[in-house]
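Student: here's my sequence, what's the structure:
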Amino acid sequence: MKTKPLAWTLGLGILFLATFYLLVRGPSGAPAGQQPLLALSSANFGEFEKAFDANADVPRLLLLVSPT
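Tutor: The predicted model follows:
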């Protein structure tokens, strides 16, 4: 009966490592041909607005991720 706690511990460990890799160490670059990723701040918000409004005829997606 000790194999179930061991299996759960191993499973949770693998899940933790996969989550850590994807969120912290995973790929964080943009695909080829696309502008690099940008951390939005009050200093560069005007640049973001210009880039967002530049091509009104193409669909745009804005993804906001909050750590809380």
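Student: check which element follows the lengthiest helix in the chain along the chain.
Tutor: What stands out as the longest helix in the chain, according to DSSP state H, is helix 3-20. Using DSSP states H and E, the next helix or strand after helix 3-20 towards the C-terminus is helix 45-53.
Student: list the buried residues of that following helix.
Tutor: Within helix 45-53, no residue is scored as buried using 16 or more other Cβ atoms under 10 Å. Yep, even glycine has a C-beta here, placed from its N, CA and C like the rest.
Student: neighbouring contacts of it?
Tutor: Here helix 45-53 makes contact (Cβ atoms under 8 Å, 6 or more residues apart in numbering) with 35, 38, 40, 60, 62.
Student: state the distance from residue 8 to residue 32.
Tutor: 41 Å (Cβ to Cβ, to the nearest Å).
Student: neighbour count winner among the two?
Tutor: residue 8 (10 against 5; other Cβ atoms under 10 Å).
Student: wait, what's in contact with that one?
Tutor: Under the criterion of Cβ under 8 Å, 6+ apart, residue 8 has no neighbours.
Student: now swap in residue 3 and tell me
Tutor: Counting by Cβ under 8 Å, 6+ apart, residue 3 has no contacts.
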